[in-house]
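Peer 1: sequence and predicted structure below; questions after.
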Amino acid sequence: MGREASERAGRWVGRPWAARGVRALVYLVPFTVSVVVAVLLGATLPRASTTSIAVLRFLGISVASTLVLVLVDRVTRRLLPLAALLDLTLLFPDQAPSRYGIALRASSSTTLHKLLEEYQSTGAHEPARAAERLIELVAALRDHDRLTRGHSERVRAYAQMIGEEMGLTGVELDRLRWAGLVHDIGKLLIDPAILNKPGKLTDEEFEAVKRHPDLGATLAAPLAGWLGESVLAVSQHHERWDGTGYPRGLSGRQISLPARIVSVADTFDVMTSARSYKAPSSAVVAREELARCAGSQFDPAV
């Protein structure tokens, strides 16, 4: 089945080269435009007759080109949600929505509060509509929680890899992709000042962050009937195999398989990503740590 036919049938097919192209535009266009502006100003402004005028001329061109760089960068960065969406392979309850439309809404001046309000008022009873709105919220999470930008997309990819290694196929794998993508959606209801704090969280702040699994479960509830067990990854991805996790203190197979997989994917990405409070670990070190915690924090089979 071709890509367009697949999307009409309710599935996004990943377009990695298109995503790379969009990212290249985001980073190259501002620089290119600023250089063009500098060249044009240099060609049109009168030549300096004294050293002081030459310095002022140079400063003026520099300020103008820098201002253009900043302004164009702000505009082109609105395409980043589209690049993230183009990377996704994802099944939908009904016809697949337009990635371009979702990216436009997620990067528009529409406030996060407005997106949440629309989602909670229009998505509560219709899985297809809820899925579209939830993807918009995932895209909005990039700006709400800037320190972990791209985390949800990477967890989705890692969860898919783990699922494939464990023999999951078809609908199970499709649902697992969703589980990885929306596992942190509850962070949209956490104060961004806490999420983006550069230093260590206080005990009170950490308790606030620990609410995100339950908050996310509320947002993902409209998809529960369609996603089945995979929706539990939202509320259970911080549970631990030995029962010392949160928010319920579940243990062993009380924790759903999708949640056990997403937990490993989530932890691997946290360890291998840079944070304000730590340097990234190598993939080798991260895998060794996962193996060490198998049977305590993680399902040994995963």
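Peer 2: Looks like it arrived, so ask away.
Peer 1: let me see the domain layout of the chain.
Peer 2: With domains defined by automatic domain parsing, the chain comprises 16-78, 147-292.
Peer 1: quick one: low-confidence parts of the stretch 1-150 of the chain?
Peer 2: By pLDDT under 70, the weakly predicted segments of the stretch 1-150 of the chain are 1-9, 107-113, 118-125, 142-149.
Peer 1: and the domains of the chain as JSON lines, adding distance to Leu91 and mean neighbour count?
Peer 2: C-beta here means a position set from N, CA and C on the backbone, and glycine is covered the same way. Below are the domains of the chain laid out as JSON lines (distance: least, C-beta to C-beta, whole Å; neighbours: other C-beta atoms under 10 Å):
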{"stretch": "domain 16-78", "distance to Leu91": "18", "mean neighbour count": "13"}
{"stretch": "domain 147-292", "distance to Leu91": "4", "mean neighbour count": "18"}
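Peer 1: how about CSV for the ones you listed, with distance to Lys114 added?
Peer 2: Putting the domains of the chain into CSV (distance: least, C-beta to C-beta, whole Å) gives the following:
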stretch, distance to Lys114
domain 16-78, 16
domain 147-292, 12
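Peer 1: and the strands in the protein?
Peer 2: Listed in chain order, the strands found in the chain under DSSP state E are 11-12, 90-91.
Peer 1: and those strands: which comes nearest Ala279?
Peer 2: Nearest to Ala279 among the strands of the chain is strand 90-91 (32.1 Å), distances taken as C-beta to C-beta.
Peer 1: helices of the stretch 51-200 of the chain, start to end?
Peer 2: Secondary structure of the stretch 51-200 of the chain by DSSP state H, counting those that start in this stretch: the helices cover 51-76, 80-86, 99-107, 112-122, 127-144, 151-165, 170-182, 192-195.
Peer 1: the last one - what's its average pLDDT?
Peer 2: For helix 192-195, the mean per-residue pLDDT is 82.
Peer 1: helices and strands around that helix, which ones?
Peer 2: With contacts taken as 3 or more C-beta pairs under 8 Å, 6 or more residues apart in numbering; DSSP states H and E, helix 192-195 sits against helix 203-209.
Peer 1: and the helix it packs on, C-alpha only, in CSV?
Peer 2: What follows is helix 203-209 as a C-alpha-only set of coordinates in CSV (Å, rounded to 0.1, in the frame of the first residue of the first chain):
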residue,chain,number,x,y,z
ASP,A,203,10.9,17.7,47.8
GLU,A,204,7.7,19.7,47.3
GLU,A,205,8.5,20.3,43.6
PHE,A,206,9.3,16.6,43.1
GLU,A,207,6.0,15.6,44.6
ALA,A,208,4.3,17.9,42.2
VAL,A,209,6.1,16.3,39.2
